[in-house]
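Visitor: Any chance you could fold what I've pasted below:
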Amino acid sequence: MPRSLALGTAVFCYAAFFASFVYLVGFVAGFDALPTHVDKGLTASPTIAAVIDVGLIALFGVQHSIMARPRFKAAWTGVVSPAIERSLYCLASALCLIALYAFWHPIAGTVWSVDNPAGRMALWALFLLGWTILFVATWLISHFELFGLAQAWRHFRGAAAPDQPFRTPFLYRWVRHPIYSGFLLAFWATPEMSYGHLLLAIGFSAYIFIGIAHEERDLIAQFGGHYSDYRKRVGMVVPGVGKRA
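Guide: Residues are numbered from 1 along each chain as shown. Okay, here's the model as predicted:
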């Protein structure tokens, strides 16, 4: 693939993913200005809505997990340039999120509603903290590498990929997966928990823990004893909780 085309593709994919991710914040928060959100969308009976919504969450989870596995990437880079492999992964994730936004079916009913102003403010603060933790964590492990821009830029310059030593900067000293910690906070911290929001939170939480199991297997294969020792010392998504021998 021509270097300029690879770089342009990577920039487009990054922009698409970034836009879909920003929409996700509003979608989970239930911003009424958006055309759809967790409590605003297509209509169906609760049973049909739940089946469709679970399918949409599963679509994202399957895509996000399978395309991240080394075996898939090895086969996929036989078809596409390695310079844009990660970028196409991000684009596929964006398309799955867009499908979720477009076809999501809210489920009415209230699981909990916090009326106390201080309580509502505290929950919205936790919501924002979750997204902040997530965003900061992406920069700690190379934001542009994670979203495919670094690979395309190296290809454009004709530079070799640097070694990836095992590192545990800042948040990674307390939890092994701060990105997932942020997601969990963001999905569960809400003053208005509808049945549809609950389904979204449960579905993505299930995906997160399934994804962690696969991801840690790959990390042990990549870093060996370094990562195994790290698992013994550091919690999974909550400090001190989920250490693994």
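
Visitor: if I read this right, residue 44 contacts residue 52, doesn't it?
Guide: Yes - counting by Cβ atoms under 8 Å, residue 44 sits close enough to residue 52 to count as a contact (6.8 Å). In this view, the C-beta of every residue, glycine as well, is placed from N, C-alpha and C.

Visitor: list the buried ones in the top helix by length along the chain?
Guide: Determined from DSSP state H, the single longest helix within the chain is helix 195-223. Neighbour counts over helix 195-223 (16 or more other Cβ atoms under 10 Å) mark 195-201, 203-205, 207-208, 211-212, 215-216, 219-220 as buried.

Visitor: ok, how many other residues are close to the closest residue to residue 34 other than its chain neighbours?
Guide: Of all residues not flanking residue 34 in the chain, residue 26 sits nearest, at 5.0 Å (Cβ to Cβ, 6 or more residues apart in numbering). When neighbours are defined as other Cβ atoms under 10 Å, residue 26 has 16 of them.

Visitor: Run through the residues that contact residue 26.
Guide: Going by Cβ atoms under 8 Å, 6 or more residues apart in numbering, residue 26 touches 33-34, 37.

Visitor: Please report how far residue 171 lies from residue 47.
Guide: 40 Å (Cβ to Cβ, to the nearest Å).

Visitor: Which of the two has more residues huddled nearby?
Guide: residue 171 (20 against 9).

Visitor: ok, the more buried one - contacts?
Guide: 133, 136-137, 140, 178, 181.

Visitor: quick one, strands of the protein?
Guide: 110-113, 192-194 (DSSP state E).

Visitor: These into JSON lines, with extra columns for mean pLDDT?
Guide: Listed next are the strands of the chain as JSON lines, based on pLDDT from 0 to 100:
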{"stretch": "strand 110-113", "mean pLDDT": "98"}
{"stretch": "strand 192-194", "mean pLDDT": "98"}
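
Visitor: about what we covered before: average pLDDT across the longest helix of the chain?
Guide: The predicted model gives helix 195-223 an average pLDDT of 97.

Visitor: so what does it touch, helix or strand wise?
Guide: Using 3 or more Cβ pairs under 8 Å, 6 or more residues apart in numbering; DSSP states H and E, the elements in contact with helix 195-223 are helix 46-66, strand 110-113, helix 178-188, helix 225-233.

Visitor: Apply 7 Å and report the result again.
Guide: helix 46-66, helix 178-188, helix 225-233 (3 or more Cβ pairs under 7 Å, 6 or more residues apart in numbering; DSSP states H and E).

Visitor: returning to that earlier point: compare the contacts of residue 171 and tell me which is most surrounded.
Guide: When neighbours are taken as other Cβ under 10 Å, the top entry among the contacts of residue 171 is residue 181 (24 neighbours).

Visitor: Enumerate every residue touching the residue nearest to that residue when sequence neighbours are not counted.
Guide: Nearest non-adjacent residue to residue 181, counting by Cβ to Cβ, 6+ apart: residue 237, 4.4 Å away. Residue 237 makes contact with 175, 177, 180-181, 184, according to Cβ atoms under 7 Å, 6 or more residues apart in numbering.

Visitor: let's see it at 10 Å
Guide: 175-185, 205, 208-209, 212 (Cβ atoms under 10 Å, 6 or more residues apart in numbering).
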